[in-house]
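Engineer: sequence first, then the predicted structure, then my questions.
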Amino acid sequence: MPETNTATTALALGERTFVRHFRPEDAEEFTASARASRDLHRPWLFPPDQPDAYAAYADRLLRDRDRAGYLVCSRFDGRIAGFININNIVHGALRGGALGYGAFAHAAGQGLMSEGLRLVMAHAFGPLGLHRLEASIQPTNTGSIGLVRRAGFRLEGFSPDFLFIDGAWRDHERWAITSDMAGGITAATAG
Ligand SMILES: CC(C)(COP(=O)(O)OP(=O)(O)OC[C@H]1O[C@@H](n2cnc3c(N)ncnc32)[C@H](O)[C@@H]1OP(=O)(O)O)[C@@H](O)C(=O)NCCC(=O)NCCS
């Protein structure tokens, strides 16, 4: 099967994946994949799984200056494998943001999100000009901890009752990486 045309949409390009912005026309594919991924996502994550909710979510990611949203897409068929968002972006002396992410079930467990995260890091530490990315993760979420550990994040600490998720305040491990730690991470394209 020929590779999909990524040239005009990719913010960063890897061997098997590329990352691009959310688009309004992704609503149907994104929400169908989110509905099919409930067992994988819960109780950690509750992405929009209906088109109305997706429209508001994608609109915020595109418009808010303190967020950046990335869809991780397969270079094989263009299908959305998952998403990685940078929330709470702060500039000034911090130049950091907080990650939120999820794989879609059909693409999970294949290394695609690991590659996608490297591409997002290249974009964040390159064109976005950030210095630090953090990920707050519940201690029993081994899949998420494995993802950031593989990407070179370090465990900085532990925050009791840190985030309100699934009806309660949850303890979180605090993982982070700086541009210096990521070294010369680059992507084939970045814009
Ligand atoms: C966290 C999450 C995004 C990770 O997605 P993923 O698809 O497992 O991540 P990867 O793309 O890195 O795949 C890793 C797996 O693929 C395997 N793999 C296969 N080929 C691989 C390759 N070429 N490179 C790397 N890993 C590869 C790894 O061994 C690993 O398997 P394991 O989990 O059994 O150890 C996913 O588990 C998820 O959506 N979880 C629910 C939502 C969530 O927790 N969000 C974060 C809240 S803090």
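Structural biologist: Cool, the structure landed.
Engineer: tell me the residues on the protein that lie near the ligand, please.
Structural biologist: Counting by CB under 6 Å from any ligand atom, the chain comes close to the ligand at 40-41, 44-45, 82, 101-103, 108-114, 137, 141, 143-144, 146-147. C-beta here means a position set from N, CA and C on the backbone, and glycine is covered the same way.
Engineer: now restrict these to buried residues only.
Structural biologist: The neighbour count (16 or more other CB atoms under 10 Å) marks 40-41, 44-45, 82, 101-103, 112-114, 137, 141, 144, 147 as buried among the residues of the chain next to the ligand.
Engineer: among the residues of the chain next to the ligand, name the ones in strands.
Structural biologist: G82, Y101, G102, A103, I137 (DSSP state E).
Engineer: going by distance to A56, which of those wins?
Structural biologist: Closest approach to A56 among these (CB to CB): G102, at 17.5 Å.
Engineer: distance of that closest one from L117?
Structural biologist: Separation of G102 from L117 (CB to CB, to the nearest Å) stands at 12 Å.
Engineer: cool, and N85?
Structural biologist: Applying CB to CB, the value for N85 to L117 is 12 Å.
Engineer: name the residues contacting each of these two.
Structural biologist: Common neighbours of N85 and L117 (criterion: CB atoms under 8 Å, 6 or more residues apart in numbering): Y101.
Engineer: okay, these two: which has more neighbours?
Structural biologist: More neighbours surround L117 than the other of N85 and L117, with 27 against 21 (other CB atoms under 10 Å).
Engineer: so which helix or strand takes in that one?
Structural biologist: Using DSSP states H and E, L117 maps to helix 112-125.
Engineer: any low-confidence regions in the chain?
Structural biologist: Within the chain, the segments meeting pLDDT under 70 span 1-8, 186-191.
Engineer: for the ligand, give me its nearest residue in it.
Structural biologist: In the chain, the residue that lies nearest the ligand is G111 (2.4 Å; CB to the nearest ligand atom).
Engineer: now do the same contact list for that residue.
Structural biologist: R16.
Engineer: now L112
Structural biologist: By CB under 8 Å, 6+ apart, the contact list for L112 reads R16, T17, V72, S74, A81, G82, A103.
Engineer: filter the residues you listed down to the buried ones.
Structural biologist: T17, V72, S74, A81, G82, A103.
Engineer: isn't the first one up against L71?
Structural biologist: No. Between T17 and L71 there is no contact under CB atoms under 8 Å: 9.9 Å.
Engineer: which residues in the protein form strands?
Structural biologist: 12-13, 17-20, 68-74, 80-90, 96-103, 132-137, 154-165, 168-178.
Engineer: most packed of these?
Structural biologist: Neighbour counts (mean count of other CB atoms under 10 Å) averaged over each of those peak at strand 17-20, with a mean of 26.
Engineer: relative to F18, how far out is the nearest residue to F164 once chain neighbours are set aside?
Structural biologist: Spatially, and ignoring its direct neighbours in sequence, F164 is nearest to R170 (7.5 Å; CB to CB, 6 or more residues apart in numbering). Relative to F18, R170 is positioned 33 Å away (CB to CB).
Engineer: no more questions from me, cheers.
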